[in-house]
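Chemist: model this:
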Amino acid sequence: MITREAQWGEFQGVRKFESPQELPEEYAKFLKRLLYVQADTEFASVQQHRPWLDKSPSLDDRWTEARIVADEMRHGYQICKLLEDFGPEGEALIQDLLNRHMGEHKLDSFNMEFEKWSDVAAFAMFVDRVGIYQLRSFQECSYGPLARAIPLMLAEEQLHIGFGANALKRIANDPDYYGDKEEAQAAVNKWFPRALDMFGHSESEGSELAVRLGIKKWRNEEARKMYLEEVERLLTGMGLEMPDPMANRRVL
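Modeler: The predicted structure is shown next:
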């Protein structure tokens, strides 16, 4: 159940903000930037998945791809509705988001095309799982409209990461499915570092600010540590190796 009071940060115990007009200037500026990046990842994911609507190896896989594309598009529009509340400035950000193409997105993970089915699986396994941690970090945040958007988005993202883990495990272990263990491991090595980069810099001032303002409940490195523990357990269960978390990283 989402409470009506901020649960952490300097606004803990205070009624949640319900509109941009109530926000302190520092808070509003930071929230707009955060919402922009979040929406950009949703729309970028649609661009990455869309070609595989016609290329997935089975009917069930195509159904899942269609569901993922629909979910991601809806999540992007949900965030755009929050930006719309900021008036002309928010509307300008929305137009910019809707005009972005592959290669123009903010995070590296979302400028990489899915060349193989193993890319689709590993992306859902690793990158969408980062998205789960980001959404959980927003739960019960101090901005009411964002806090209320999170539960449905979280429920739908669970389908994405479940699909990714199952598909990657089948690629690695099911001889009747698409790919093999070598291809699965190559996909792990490709997407794992990009996913870790998505948490941001370890000593990020923005991360500290997000916690202080009550927008996020975890700092970047706190969330990344939990993620690493979960991923290591999953990869072991698949018979795959976990890469060095510091290897091939661009954001430390």
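Chemist: surely Pro57 meets Trp117?
Modeler: Yes - counting by CB atoms under 8 Å, Pro57 touches Trp117, with 5.8 Å between them. Placement of C-beta: from N, CA and C, glycine included.
Chemist: shared neighbours of those two, anything?
Modeler: When contacts are counted by CB atoms under 8 Å, 6 or more residues apart in numbering, Pro57 and Trp117 have Tyr178 as shared neighbours.
Chemist: between these two, point out the one with more neighbours.
Modeler: Under the criterion of other CB atoms under 10 Å, the comparison of Pro57 against Trp117 puts Trp117 first, with 20 against 16.
Chemist: ok, and the closest non-adjacent residue to the more buried one?
Modeler: Tyr178 (4.9 Å; CB to CB, 6 or more residues apart in numbering).
Chemist: the one you found is in contact with Trp52, isn't it?
Modeler: No - look at Tyr178 against Trp52 with CB under 8 Å: they stay out of range, at 11.6 Å.
Chemist: neighbour count for these two, which is higher?
Modeler: Trp52 (21 against 18).
Chemist: circling back: need the overlap of contacts for Tyr178 and Trp52.
Modeler: Both Tyr178 and Trp52 are contacted by Trp117, under the criterion CB under 8 Å, 6+ apart.
Chemist: what is the lengthiest helix in the chain packed up against?
Modeler: Of all the segments assigned as helix in the chain under DSSP state H, the longest by residue count is helix 144-173. With contacts taken as 3 or more CB pairs under 8 Å, 6 or more residues apart in numbering; DSSP states H and E, helix 144-173 sits against helix 59-84, helix 117-122, helix 128-138, helix 181-197, helix 220-238.
Chemist: compute the inter-axis angle for it and helix 181-197.
Modeler: 160 degrees (axes from the mean of the first three to the mean of the last three CA atoms, to 10 degrees).
Chemist: for this protein, give me the ranges with low pLDDT.
Modeler: For the chain, the stretches flagged by pLDDT under 70 are 1-3.
Chemist: center of it, which residue is that?
Modeler: Centroid-nearest residue in the chain, with CA atoms, centre = their mean: Gly131, separated by 2.3 Å.
Chemist: how about the contacts made by the closest residue to it other than its chain neighbours?
Modeler: Residue nearest to Gly131 in three dimensions, not counting chain neighbours: Glu157, with 5.6 Å by CB to CB, 6+ apart. With contact set as CB under 8 Å, 6+ apart, Glu157 has these partners: Asp71, Asp128, Gly131, Ile132, Leu135.
Chemist: now do Phe43
Modeler: Going by CB under 8 Å, 6+ apart, Phe43 touches Glu72, Met73, Gly76, Leu97, Leu98, Arg100.
Chemist: name the member of those with the most neighbours.
Modeler: Neighbour counts for those peak at Glu72, which has 26 neighbours (criterion: other CB under 10 Å).
Chemist: for Leu82, see how far away that one is.
Modeler: 16 Å (CB to CB, to the nearest Å).
Chemist: okay then, goodbye and thanks.
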